[in-house]
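Participant: Generate a structure from the sequence data that follows.
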Amino acid sequence: MLTQLPTKTWLPRLSFAPVNTAPRGDTLVVVFLRGAADVLNMVVPHGEDAYYQLRPSLGIARPDDSKTKKEERTVDLDGFFGFHPNLSPLLEAWQSEQLAIIHACGAPDESRSHFKAMELMERGVDDERGPASGWIGRHLATLNTGNTSPLRAVGMGTRPQRSLSGTVPVSALRSIADFHLGGDQRALQQMRAALSTVYQNDLMGQETLSIMDTLEKLDPAKYQPFGGLRTASPITYPDSEFGLALKQTAMLIKAEVGLEVSAIDLGGWDTHFAQGSSTGLMPNLMKDLAEGLAAFHADMADHQNQLTTVTMSEFGRRASENGSLGTDHGHGSMMMVLGGNVDGGKVHGQWPGLEEGQLIGPGDLAVTTDYRDVLSEVLTKRLNNPATNEIFPEYQPKMPNVIV
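Facilitator: The predicted structure follows:
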């Protein structure tokens with residue numbers, strides 16, 4: 001039985017926007033894989049012999065390796081690259097051409113320091129002398145959509161991500177239940193009565209109260225994901241912090257509370273020891289990532305033309321495995337872009353190779369696409385913000401044409 005979503009009393013996309021406002025674009029979801037994900041075991045270059053020479057134990061078997069169980073082999077994508085088997089939930093998005101991969105992607109910083117690399121990437125700058133605000137914060141500040149919602153930008157977690165910092169207020173949200181004050185209805189009514197008095201003649205305040213009314217009705221525990229008529233199978237988010245963050249992002253988008261950006265972290269990718277190939281620490285992280293993104297993609301099937309999801313990590317890992325069956329800090333990484341308007345079903349970017357003489361530094365995948373090229377195209381083509389010179393100061397995007 002199909003259920004109709006309740007009509008909302010406040011819509012952020014007004015028919016007559018205030019003067020000097022820009023047309024609002026997609027909702028942007030940014031997933032940061034903290035700890036430097038080993039992208040060579042995520043999107044595997046199974047067509048390159050050097051990969052298996054560098055990773056005799058951690059390498060993911062080729063798709064046609066009859067000596068390995070099928071469920072432990074690389075899932076072929078294009079004859080050269082393939083998914084780790086735990087990323088196979090993303091195959092539907094790949095095959096429907098709504099998932100694009102940009103390999104050998106990353107930042108110019110070669111410090112291989114988690115703290116420095118994340119700091120610079122979230123600020124969108126080359127060095128510490130750049131502006132202290134985050135790149136998303138500058139995007140929000142340079143694109144006036146006329147949206148005054150306190151939930152215009154949300155950092156899923158106990159504090160907003162560094163990329164959200166700036167002049168535009170953002171909200172940290174670990175759980176929608178936080179807005180319910182732990183289920184204390186008396187405290188909630190008292191707070192609402194106090195706010196109603198304060199905001200009696202304030203339009204922005206009245207919008208805030210309206211959003212509070214909407215959030216009171218949202219309960220992640222009772223939420224039934226529904227991807228529309230195009231999604232027949234049941235949709236289940238993983239029972240994890242990451243799954244909850246994506247589920248709540250979907251709920252906020254459908255509730256039309258004015259969400260423009262949701263920043264989500266998935267940590268634990270610093271796999272120096274016992275990384276695991278088909279099972280173990282990193283395969284479990286990939287399972288959480290893929291199942292979460294696949295559920296979110298299915299749940300938001302009717303919204304894909306107004307939604308862009310991007311994954312990124314501060315850097316990649318060494319091309320060769322180490323003596324502890326892990327991988328050390330490297331350089332080149334990978335990004336994924338998911339949505340109804342991407343040039344999907346393709347691995348984009350120039351592949352630099354893994355042979356001797358092609359690796360850089362102590363033996364790392366080279367960066368051939370700057371992460372800001374990808375984000376700049378998302379900003380200009382999908383978020384209607386051409387101010388990339390302010391968002392990424394002193395950087396001239398090369399525009400890799402990932403987005404249609």
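
Participant: end-to-end on stretch 318-330?
Facilitator: Start and end residues of stretch 318-330 are separated by 4 Å (CA to CA, to the nearest Å).

Participant: Now tell me what touches that stretch from outside.
Facilitator: 36, 38, 40, 50-51, 54-58, 112-114, 271-275, 315-317, 354, 359, 361-365 (CB atoms under 8 Å, 6 or more residues apart in numbering). In this view, the C-beta of every residue, glycine as well, is placed from N, C-alpha and C.

Participant: Mind giving me the ChimeraX command for buried ones among the residues you listed?
Facilitator: What follows is the ChimeraX syntax for the buried subset of the contacts of stretch 318-330, where burial is set by 16 or more other CB atoms under 10 Å:
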select :36,38,40,50,51,54,55,58,112,114,271,275,315,316,317,354,359,364,365
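
Participant: Looking at the contacts of stretch 318-330, which are in helices?
Facilitator: 50-51, 54, 114 (DSSP state H).

Participant: Tell me the one among those nearest to L120.
Facilitator: Proximity of the ones in helices among the contacts of stretch 318-330 to L120 (CB to CB) peaks at H114, which lies at 11.3 Å.

Participant: Would you confirm that that closest one contacts E314?
Facilitator: Yes - counting by CB atoms under 8 Å, H114 does reach E314; the two are 6.2 Å apart.

Participant: which neighbours do the two share?
Facilitator: With CB under 8 Å, 6+ apart as the test, H114 and E314 both reach 34, 36.

Participant: how about the strands in the stretch 1-150 of the chain?
Facilitator: Under the criterion DSSP state E, counting those that start in this stretch, strands of the stretch 1-150 of the chain are mapped to 27-34, 43-44, 75-76, 82-83, 99-106.

Participant: oh, I was asking about the stretch 251-400 of the chain
Facilitator: Going by DSSP E, counting those that start in this stretch, the stretch 251-400 of the chain shows strands at 261-267, 307-313, 333-339, 346-348, 369-370.

Participant: Redo those as TSV? Include distance to E119.
Facilitator: Listed next are the strands of the stretch 251-400 of the chain as TSV, based on distance: least, CB to CB, whole Å:
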stretch	distance to E119
strand 261-267	15
strand 307-313	14
strand 333-339	16
strand 346-348	27
strand 369-370	17
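
Participant: which one of these is the most hemmed in?
Facilitator: Neighbour counts (mean count of other CB atoms under 10 Å) averaged over each of those peak at strand 333-339, with a mean of 27.

Participant: pull the CA atoms of that one into CSV?
Facilitator: The C-alpha coordinates for strand 333-339 follow below in CSV (Å, rounded to 0.1, in the frame of the first residue of the first chain):
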residue,chain,number,x,y,z
SER,A,333,43.0,8.9,-3.7
MET,A,334,39.5,8.5,-5.3
MET,A,335,36.2,10.4,-5.3
MET,A,336,32.7,9.1,-6.1
VAL,A,337,29.9,11.3,-7.3
LEU,A,338,26.3,10.0,-7.0
GLY,A,339,23.2,11.5,-8.4
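
Participant: Can you check what angle separates it from strand 27-34?
Facilitator: 160 degrees (axes from the mean of the first three to the mean of the last three CA atoms, to 10 degrees).

Participant: Longest helix in the chain, please.
Facilitator: The chain, longest helix under DSSP H: helix 281-299.

Participant: Report all helices and strands that it contacts.
Facilitator: Applying 3 or more CB pairs under 8 Å, 6 or more residues apart in numbering; DSSP states H and E, we find helix 281-299 packed against strand 27-34, helix 91-95, helix 241-255, strand 261-267, strand 307-313.

Participant: Turn the strands of the stretch 251-400 of the chain into a markdown table, columns for mean pLDDT and distance to A172.
Facilitator: Output for those, formatted as a markdown table (pLDDT from 0 to 100; distance: least, CB to CB, whole Å):
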| stretch | mean pLDDT | distance to A172 |
| --- | --- | --- |
| strand 261-267 | 98 | 10 |
| strand 307-313 | 98 | 20 |
| strand 333-339 | 98 | 24 |
| strand 346-348 | 96 | 33 |
| strand 369-370 | 96 | 29 |
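
Participant: for the ones you listed, which one sits closest to A294?
Facilitator: When the strands of the stretch 251-400 of the chain are compared (using CB to CB), the closest one is strand 333-339, at 9.7 Å.

Participant: which neighbours does that closest one have in its sheet, and in what orientation?
Facilitator: strand 99-106 (antiparallel), strand 307-313 (antiparallel) (DSSP bridges).

Participant: State the mean pLDDT of the first one.
Facilitator: Which is strand 99-106. On average, the pLDDT along strand 99-106 is 97.

Participant: Run through who's touching it.
Facilitator: 39, 43, 45, 77, 81, 90, 93, 315-316, 331-338, 342-352, 365-371, 374, 400, 402-403.

Participant: Could you tell me how many residues sit around the closest residue to L259 other than its chain neighbours?
Facilitator: Leaving aside its chain neighbours, L259 sits nearest to L252 (4.6 Å; criterion: CB to CB, 6 or more residues apart in numbering). By other CB atoms under 10 Å, 22 other residues sit near L252.
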